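>>> Next comes the sequence, and after it the predicted model I'd like to discuss.
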Amino acid sequence: MCGIVGYTGQKQSFPLLLDGLKRLEYRGYDSAGLAVVKESQVESHKAVGKIEELQKDIGGKDIPGSLGIAHTRWATHGVPTEENAHPHCDCSGRIWLVHNGIIENHQALKDQLEKEGHEFQSETDSEVMVHLIEKFYQGDIAEALRQALYKIEGAYSFVVFHSEEPGKLVAAKKGSPLVLGIDDDGVIVASDVTAIIRQTRNVIYLEDKEMAVVEGGEFHILNWNNQTRNKEPQKVSWDLEELEKKGYDHFMLKEIFEQPDSITDSLRGRVIQEEGKVKLGGLDTVADRLSQVENLDLVACGTAYYAGLVGEYMLEEYADLPARALVASEFRYRKQLLDKGHCLLALSQSGETADTLAAIKEAQERNVLSLGVVNVVGSSIARTTEAGVYNHIGPEIAVASTKAFTSQLVILALLTVYWGRMRNMALAMGQRITQELEELPQKAQETLKTDKRIREIAQKYYQVSNFAFLGRKYNYAVALEGALKLKEISYIHAEGFAGGEIKHGPLALVDKDFPSFFIVPQDSVYEKNLSNMQEIKARGGPVIALATQGDERVAQIADEVVYIPKTLEMLTPILAVIPLQLFAYYMATFNSTDVDKPRNLAKSVTVE
Ligand code: G6P
């Protein structure tokens, strides 16, 4: 996720900017840059990769100047390159800007600005804004920014300066955070308070549609209509780690609770609901070849593989596309009958998983089209595959994957509509799925209300040694994922089963000490699931059930019921997995394990 730091005051800005960038590293980024001004001369450096690369570019010296801006970029529009890294400047080289967020109408603005003679250096949406400010500039950078803000759509925060307005820094935000740190000697502006608190704990959070003008140690906050807002600094009492976790005890819990937002982020700009279609810009270059695909292999590891298993059902049922999910580590060792119509879709949060990468290379050697669904922009899998779709959910830090899984499912649903509409899917079905997708963030929010109930249930069961998770059809993979989450972070033995399989072995395990967690929404396999629940109850096994809101029948069988909102059957996994993530989390915390970094496991598995 992008990060912003800016400073103006009596100190030298460079060390403060560098320290601020390092504090923002935990958010994840793929390039970084800064610009410092002294006596109207701007010195700017940019580098792809880590902050150390930027430092190398600077060459170990200090950059003099008491005003500067800096940025860590998490690529959205345009790959990670020096040109695309921030800060961006206007044609005159005097206006400099850093930006977080997305300018949705950037293309139309860019076309217009190019017609008017502006020359662009990057592929970013951000650069549009600096040229727009240049267009309105008449000697007052704050006024030019204010006018430009009226022209753009989207969610954003900006920090800007003009090299010939000494000591003046201006900032504005809408939908993307910005905070001022007020020191005796100057003011730091940052996208995240973690970049500030080493300097000062006195902060002012800007609200949407507010601007700050900072000059000569004074700050002035106004709204976009130029009316002054009187705001007093408040004290931050949290320490750095707490801040990075945004008040949650663990990154995993924070990431679970981020899901309404991460689902929104994965959907943003991709759904054309009226036309029942989706737009996936990352696939444009291969669109023709995608219409020729006859068989799809969904290749991945761990949680991402379970997302693939759900995708298999989605694509077959709604896009009429034969699909199979395969564990990446097995892919190379099996005789693959790869013909012309074959396509490989790799799913990977990190984009670095060695087995997944090896499978892609194997497929490429056999001339099979390879695509990626990846979160980390510019990662090995993103670079190796021929085209793909980014998750755009920001960094996932906890080893156990949560928000990446729901995002992968969202993208698989988008791909189902994408392929479906190229094949046989009717307009009405496309509209129905896309409408349900758009309702998911709010339903995920509703699902998070199960938190308290799940915690109570975990408190009751945390001492058991074994757990079963059961589901059918779309939620078979959710049962597998529920079991994986529980075992990886609580170290309790757990297994996921397809409901229909319990009579073929697992039933022998059932007794009063062997609880089962059933995923039993009101879907096409509901009755079958109820029968399986009865079978377990009849043998004295405790049953926890995840059911659709309003369902009364489940409560008559299960010992505990947790309710989730109703959605389209193919999308139920996206909601159903949330209480299972919470369940694993609370089972782990009651067992005092290291939730974010479980023993023996790694977030990014780069060995085969
Ligand atoms: C590791 C992580 C899992 C993840 C798997 C695949 O095992 O702990 O959470 O699901 O790798 O990772 P990827 O980055 O390829 O999605």
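Nice, I can see it.

>>> near the ligand, which residues of the stretch 201-350 of the chain?
301-304, 348-350 (C-beta under 6 Å from any ligand atom). Placement of C-beta: from N, CA and C, glycine included.

>>> What's the separation between the residue of the stretch 151-300 of the chain found nearest the ligand and residue 412?
When scored by C-beta to the nearest ligand atom, the stretch 151-300 of the chain has residue 300 as its residue closest to the ligand, at 6.2 Å. From residue 300 across to residue 412, the span is 11 Å (C-beta to C-beta, to the nearest Å).

>>> about what we covered before: what would the residues of the stretch 201-350 of the chain next to the ligand look like in TSV with pLDDT, secondary structure and neighbour count?
Shown next, in TSV, are those (pLDDT from 0 to 100; DSSP: H, G, I helix; E, B strand; the rest coil; neighbours: other C-beta atoms under 10 Å):
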residue	pLDDT	secondary structure	neighbour count
301	97	coil	22
302	97	helix	23
303	98	helix	23
304	98	helix	26
348	97	strand	33
349	94	coil	30
350	88	coil	23
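
>>> Helix or strand: which one has the residue nearest to residue 84 when sequence neighbours are not counted?
Leaving out its chain neighbours, the residue that sits closest to residue 84 by C-beta to C-beta, 6 or more residues apart in numbering is residue 78, at 4.2 Å. Here residue 78, judged by DSSP states H and E, is contained in no helix and no strand.

>>> Quick one: list the elements packing against the helix or strand hosting residue 581.
Taking DSSP H and E as the definition, one finds residue 581 inside helix 572-590. Judged by 3 or more C-beta pairs under 8 Å, 6 or more residues apart in numbering; DSSP states H and E, the packing partners of helix 572-590 are helix 251-257, helix 403-422, helix 427-447, helix 451-461, helix 476-490, strand 516-520, strand 543-548, strand 560-564.

>>> Spatially nearest residue to residue 159 (excluding sequence neighbours)?
Take residue 159 and drop its neighbours on the chain: the residue closest to it by C-beta to C-beta, 6+ apart is residue 6, 4.1 Å away.

>>> wait, doesn't that neighbour sit right on residue 191?
No - counting by C-beta atoms under 8 Å, residue 191 is not a contact partner of residue 6; they are 9.7 Å apart.

>>> more neighbours, these two?
residue 6 (35 against 28; other C-beta atoms under 10 Å).

>>> now that one: how far from the ligand?
33 Å (C-beta to the nearest ligand atom, to the nearest Å).

>>> do the same with residue 409
For residue 409 relative to the ligand (C-beta to the nearest ligand atom), the value is 13 Å.

>>> Same question for residue 142.
43 Å.

>>> Give me the next element, helix or strand, following the helix or strand hosting that residue.
Secondary structure assignment for residue 142, by DSSP H and E: helix 141-149. As assigned by DSSP H and E, the chain's next helix or strand after helix 141-149 is strand 154-162.

>>> Contacts for that next one next, please.
The contact list for strand 154-162 (C-beta atoms under 8 Å, 6 or more residues apart in numbering) reads 4, 6, 8, 37, 67, 69, 94-106, 125, 129-130, 133, 137, 141, 145, 168-178, 189, 191, 206.

>>> Need the distance between the two termini of stretch 374-390.
In stretch 374-390, first residue to last residue: 5 Å (C-alpha to C-alpha, to the nearest Å).

>>> Give the rounded mean pLDDT of it.
Across stretch 374-390, pLDDT averages out at 88.

>>> So which bits of it are buried?
Buried positions in stretch 374-390, judged by neighbour count with 16 or more other C-beta atoms under 10 Å: 374-382, 384-390.

>>> same question, stretch 481-496
For stretch 481-496, by 16+ other C-beta under 10 Å, it's 481-490, 492, 494-496.

>>> need these in JSON lines with distance to the ligand, can you?
Listed next are those as JSON lines, based on distance: C-beta to the nearest ligand atom, whole Å:
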{"residue": "481", "distance to the ligand": "9"}
{"residue": "482", "distance to the ligand": "14"}
{"residue": "483", "distance to the ligand": "14"}
{"residue": "484", "distance to the ligand": "8"}
{"residue": "485", "distance to the ligand": "9"}
{"residue": "486", "distance to the ligand": "13"}
{"residue": "487", "distance to the ligand": "12"}
{"residue": "488", "distance to the ligand": "7"}
{"residue": "489", "distance to the ligand": "10"}
{"residue": "490", "distance to the ligand": "15"}
{"residue": "492", "distance to the ligand": "17"}
{"residue": "494", "distance to the ligand": "15"}
{"residue": "495", "distance to the ligand": "17"}
{"residue": "496", "distance to the ligand": "15"}
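
>>> The ligand contacts on this structure?
301-304, 348-350, 353, 356, 399-401, 601, 603-605.

>>> So, low pLDDT: which residues of the stretch 301-450 of the chain?
Counting by pLDDT under 70, the stretch 301-450 of the chain shows low-confidence ranges at 378.

>>> how about the CA coordinates for the helix holding residue 581, as PDB?
Coordinates of each C-alpha in helix 572-590 appear next as PDB, following Å, rounded to 0.1, in the frame of the first residue of the first chain:
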ATOM      1  CA  THR A 572     -21.300 -18.400   0.100                       C
ATOM      2  CA  PRO A 573     -17.600 -19.400   0.600                       C
ATOM      3  CA  ILE A 574     -16.600 -15.700   0.800                       C
ATOM      4  CA  LEU A 575     -18.900 -15.200   3.800                       C
ATOM      5  CA  ALA A 576     -18.700 -18.600   5.300                       C
ATOM      6  CA  VAL A 577     -14.900 -18.600   5.700                       C
ATOM      7  CA  ILE A 578     -15.000 -15.500   7.900                       C
ATOM      8  CA  PRO A 579     -16.400 -17.100  11.000                       C
ATOM      9  CA  LEU A 580     -14.000 -20.000  10.500                       C
ATOM     10  CA  GLN A 581     -11.000 -17.600  10.400                       C
ATOM     11  CA  LEU A 582     -12.300 -16.000  13.600                       C
ATOM     12  CA  PHE A 583     -12.800 -19.500  15.200                       C
ATOM     13  CA  ALA A 584      -9.200 -20.500  14.400                       C
ATOM     14  CA  TYR A 585      -8.000 -17.100  15.700                       C
ATOM     15  CA  TYR A 586      -9.800 -17.500  19.100                       C
ATOM     16  CA  MET A 587      -8.900 -21.100  19.500                       C
ATOM     17  CA  ALA A 588      -5.300 -20.100  19.000                       C
ATOM     18  CA  THR A 589      -5.300 -17.200  21.400                       C
ATOM     19  CA  PHE A 590      -7.000 -19.300  24.100                       C
END
